[in-house]
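Colleague: Sequence first, then the predicted structure:
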Amino acid sequence: NMFSSQCEQIIQHLNHKIPGVNTAELCQRIQTSGVEINIGDLAKIANILSFLFSTAARNNLSTEELVTTLGSAGSTLPKHAVQVIRHVWNEQGKAIAVSEDARNMATVGQFVDMKWKLGVAMSSDTCRSLKYPYVTVTLTVADPSGQITDKSFEMTIPQFKNFFRQFKEMASVLETV
């Protein structure tokens, strides 16, 4: 089910196997299955589960300890949700490595993907026929909590050339490392 899928994605994210949880995609799948949910609520659930699993890993909880803790917290979780959490933690939870590096990395986002396209502006209010080219870039980034978002921006050709020059500088520095 979708909850199980979300739990597994969060564990994979905590294990650094995937850069984050694509809440938008999951939300779309849930809505397609006929369940009403908004992306904000789904993101809150993801944050809570992420906190739950990372805290359980830090405290080295067994599956039974985790389930007992959930029960004693006066949790109003449905039984099937607790069963899913138990199953996912039992199968994959032990693999969560809580290293210093992992904790330090958790303060910045992670690059997932980049798409770009070239466009040409045909006209504007002030000028009848501009025909100036521009580049649209969409960066897909996972924030520290693992939420995946797209950030889009446009650049003029001079801005793009500057952007490209800086990437070439980074590449040449990396060659020396």
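Modeller: Arrived safely. Numbers count the residues shown, from 1 in each chain.

Colleague: Now do the contacts for Ile157.
Modeller: Contacts were defined as CB atoms under 8 Å, 6 or more residues apart in numbering; by that measure Ile157 touches 132-135. For glycine as for every other residue, the C-beta is placed from the backbone atoms N, C-alpha and C.

Colleague: Poorly predicted segments of this structure, please.
Modeller: 73-76, 97-108, 123-130, 145 (pLDDT under 70).

Colleague: out of the contacts of Ile157, who has the most neighbours?
Modeller: Neighbour tally across the contacts of Ile157 (other CB atoms under 10 Å): the maximum, 18 neighbours, falls on Val135.

Colleague: so how far is His87 from that residue?
Modeller: Val135 sits 46 Å away from His87, going by CB to CB, to the nearest Å.

Colleague: for Lys151, same thing?
Modeller: Relative to His87, and taking CB to CB, Lys151 is found at 35 Å.

Colleague: same check, this time on Met2
Modeller: 14 Å.

Colleague: again, but for Gln9
Modeller: Gln9 is 15 Å from His87, by CB to CB.

Colleague: So which of these two has more stuff around it?
Modeller: Gln9 (24 against 15).

Colleague: Give the bridge partners for the closest residue to the more buried one other than its chain neighbours, please.
Modeller: Nearest-residue entry for Gln9: Val21, 4.6 Å, with adjacent residues in sequence omitted and distances by CB to CB, 6 or more residues apart in numbering. Beta bridges link Val21 to Gln147 when assigned by DSSP bridges.

Colleague: picking that back up, mind putting the contacts of Ile157 into a markdown table with distance to Leu26 and secondary structure?
Modeller: Converted to a markdown table, the contacts of Ile157 look like this (distance: CB to CB, whole Å; DSSP: H, G, I helix; E, B strand; the rest coil):
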| residue | distance to Leu26 | secondary structure |
| --- | --- | --- |
| Tyr132 | 39 | strand |
| Pro133 | 37 | strand |
| Tyr134 | 33 | strand |
| Val135 | 30 | strand |
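
Colleague: Out of the residues you listed, flag the one nearest to Ile96.
Modeller: Comparing the contacts of Ile157 against Ile96 with CB to CB places Val135 closest, at 39.7 Å.

Colleague: Was I right to think the closest one contacts Pro158?
Modeller: No. Applying CB atoms under 8 Å, one finds Val135 not in contact with Pro158, separated by 10.9 Å.

Colleague: Okay, domains of the chain per the record?
Modeller: 2-104, 108-175 (the TED database).

Colleague: and these, which is most packed in?
Modeller: Stretch with highest mean neighbour count among the domains of the chain: domain 2-104 (a mean of 15; mean count of other CB atoms under 10 Å).
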